[in-house]
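[1] structure for the following, please:
(one chain, ligands or ions: 1)
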Amino acid sequence: MPNCESCGRKWNWKNTFIKFLRFGSGIECLYCGEKQFVAPESRKRVGLISISPSLTLIPAVLLKLNLPIIISILCVTAILAMVLALYMIELSNEDEPLW
Ligand SMILES: [Zn+2]
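    Numbering: from 1, shown residues only. From the prediction side, this is the model:
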């Protein structure tokens, strides 16, 4: 879980998840109220992880799996990707450009 760069406290899973859904313009730390942004490096990693569920479709289609199986694989990998993404988020005090 990410640590607030301002006060150094660790965010819990539930709060990170709720705030993650609204990330973009920065979010306030629930401990110190300081605005935090996702660090560009971790934003890139999260982006890569979030496309991984669709990559699992390629072998699934090649192996001609049944649609219900493909959908279950997609759901499982999507949940895994979301959980992994939350663990990879790093926070920053400033909204730094991605590149
Ligand atoms: Zn804080």
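
[2] alpha carbons only for contacts and neighbour counts from here, please
    Noted.

[3] low-confidence regions, this structure specifically.
    Residues of the chain meeting the criterion pLDDT under 70: 22-25, 98-99.

[4] check it for its longest helix and report it.
    The longest helix of the chain (DSSP state H) is helix 67-88.

[5] helices and strands around it, which ones?
    For helix 67-88, the elements it packs on are helix 13-20, helix 40-55, helix 57-62, judged by 3 or more Cα pairs under 8 Å, 6 or more residues apart in numbering; DSSP states H and E.

[6] buried set for that helix?
    Buried positions in helix 67-88, judged by neighbour count with 16 or more other Cα atoms under 10 Å: 70, 74, 77-78, 81-82, 85-86, 88.

[7] distance to the ion and mean neighbour count added to the helices and strands packed on helix 67-88, as TSV?
    Converted to TSV, the helices and strands packed on helix 67-88 look like this (distance: least, Cα to the ion, whole Å; neighbours: other Cα atoms under 10 Å):
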stretch	distance to the ion	mean neighbour count
helix 13-20	12	14
helix 40-55	18	15
helix 57-62	39	12
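
[8] still on that earlier bit, outside of the longest helix of the chain, which residues touch it?
    Contacts to helix 67-88, defined as Cα atoms under 8 Å, 6 or more residues apart in numbering, come from residues 1-2, 13, 16-17, 20, 42, 45-46, 49-50, 52-54, 56-57, 60-61.

[9] mind running it again at 6 Å?
    Contact partners of helix 67-88, identified using Cα atoms under 6 Å, 6 or more residues apart in numbering, comprise 1, 46, 49-50, 53.

[10] how about TSV for these, with distance to residue 33 added?
    Compiled in TSV, the contacts of helix 67-88 are given as follows (distance: Cα to Cα, whole Å):
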residue	distance to residue 33
1	18
46	24
49	29
50	28
53	34
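
[11] that older thread, quick one, the longest helix of the chain and helix 13-20 angle?
    Orientation check (axes from the mean of the first three to the mean of the last three Cα atoms, to 10 degrees): helix 67-88 against helix 13-20 gives 100 degrees.

[12] contact partners of whatever helix or strand comes next after helix 67-88?
    Next helix or strand after helix 67-88 toward the C-terminus (DSSP states H and E): strand 91-92. With Cα under 6 Å, 6+ apart as the test, strand 91-92 has contacts from 5, 36-39.
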